[in-house]
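Undergrad: Sequence plus the predicted model coming up.
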Amino acid sequence: MGSVLTASVLLFDMDGTLVDSTASVERAWGRFADRHGLEAGAILAVAHGRPTIEVVTEFAPAGVDAIAETDRIEAEEIDRTDGISEVPGAAALLQSLDPSRWAVVTSATRALTLKRLAAVGIPLPKVLVAADDVTRGKPHPQPYRLAARALGFDATDAIAFEDAPAGLASATGAGAATVVVGGYRGEAAAGLPRVPDMTGVRVVLDRETLSVTLP
């Protein structure tokens, strides 16, 4: 048996944690780079887990309408769900949980999040904190704090599942016990428990406490 963590609620990032959208995201940023003569690799090195508008603002050449570019990227991704898939075990895990005890916390927009979750058969959350809902996105702690509060708890009562540096910083900064999903091994993941995917994660409700067993 693996390690056991306890919490009141569970908070899940989407991309890389519930949905494998790596290929779709990389194609979208590649198209953005091509339109503006930019180096796609430099963008991808920092884009994962961050709100699209922030990345566009950082890299777009002078004179480019960042809001219009963001809208274009989001529209392209909403229209193109090919190449995305469920992170193994994600749908079964979420289907086993009380909807009032979990939320999705993502840097994607609400529309894109709902489209991707539905496309791979993952239950839609009762509580969703998306890019549209925050004034400060990941790596700021605000998204995880808002999600926990919407479920009726503090982020310190939560376990967060994340895969990218910005999200890990956001979750740990909010005070959530944080689990790394996937292969990221940078500084933001140092000392944190990890799982390869969601397949072996087991959750049991004992009175008011969730016991989460990691493989």
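TA: Everything's here; your move.
Undergrad: can you list the domains in this structure?
TA: Structural domains annotated on the chain: 4-21+84-213, 22-79, as defined by automatic domain parsing.
Undergrad: Of these, flag the one that's most buried.
TA: The highest mean neighbour count among these, using mean count of other CB atoms under 10 Å, belongs to domain 4-21+84-213: a mean of 20. Quick note: C-beta positions are derived from backbone N, CA and C, even for glycine.
Undergrad: measure that domain end to end?
TA: As for domain 4-21+84-213, its first-to-last residue distance stands at 4 Å under the measure CA to CA, to the nearest Å.
Undergrad: can you redo the domains of the chain as a markdown table with mean pLDDT?
TA: What follows is the domains of the chain, written out as a markdown table (pLDDT from 0 to 100):
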| stretch | mean pLDDT |
| --- | --- |
| domain 4-21+84-213 | 96 |
| domain 22-79 | 89 |
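Undergrad: State the phi and psi torsions of the residue in the chain sticking out farthest from the centre.
TA: Of all residues in the chain, G63 has its C-alpha farthest from the mean position, at 30.4 Å, by CA atoms, centre = their mean. For G63, the backbone dihedrals (degrees, to the nearest 10) come out as phi 90, psi -10.
Undergrad: Can you show me the strands along this structure?
TA: The residue ranges that make up the strands of the chain, judged by DSSP state E, are 4-7, 9-12, 19-20, 85-86, 102-105, 127-129, 158-162, 177-181, 194-195, 202-206, 209-213.
Undergrad: Please tabulate the ones you listed in JSON lines and include distance to L112 as additional columns.
TA: Converted to JSON lines, those look like this (distance: least, CB to CB, whole Å):
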{"stretch": "strand 4-7", "distance to L112": "27"}
{"stretch": "strand 9-12", "distance to L112": "16"}
{"stretch": "strand 19-20", "distance to L112": "10"}
{"stretch": "strand 85-86", "distance to L112": "16"}
{"stretch": "strand 102-105", "distance to L112": "12"}
{"stretch": "strand 127-129", "distance to L112": "11"}
{"stretch": "strand 158-162", "distance to L112": "18"}
{"stretch": "strand 177-181", "distance to L112": "19"}
{"stretch": "strand 194-195", "distance to L112": "25"}
{"stretch": "strand 202-206", "distance to L112": "27"}
{"stretch": "strand 209-213", "distance to L112": "27"}
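Undergrad: out of those strands, nearest to L93?
TA: Taking CB to CB as the criterion, L93 comes closest to strand 202-206 out of the strands of the chain, the separation being 7.0 Å.
Undergrad: Packing partners of that closest one?
TA: Using 3 or more CB pairs under 8 Å, 6 or more residues apart in numbering; DSSP states H and E as the contact definition, the elements that strand 202-206 packs against are strand 209-213.
Undergrad: The strand it packs on pairs with which strands, parallel or anti?
TA: Sheet pairing for strand 209-213, assigned by DSSP bridges, gives strand 4-7 (antiparallel), strand 202-206 (antiparallel).
Undergrad: Now find how far off-centre the longest one is within its chain.
TA: For strand 202-206, the gap between its own C-alpha mean and the chain's C-alpha mean amounts to 22 Å (CA atoms, centre = their mean, to the nearest Å).
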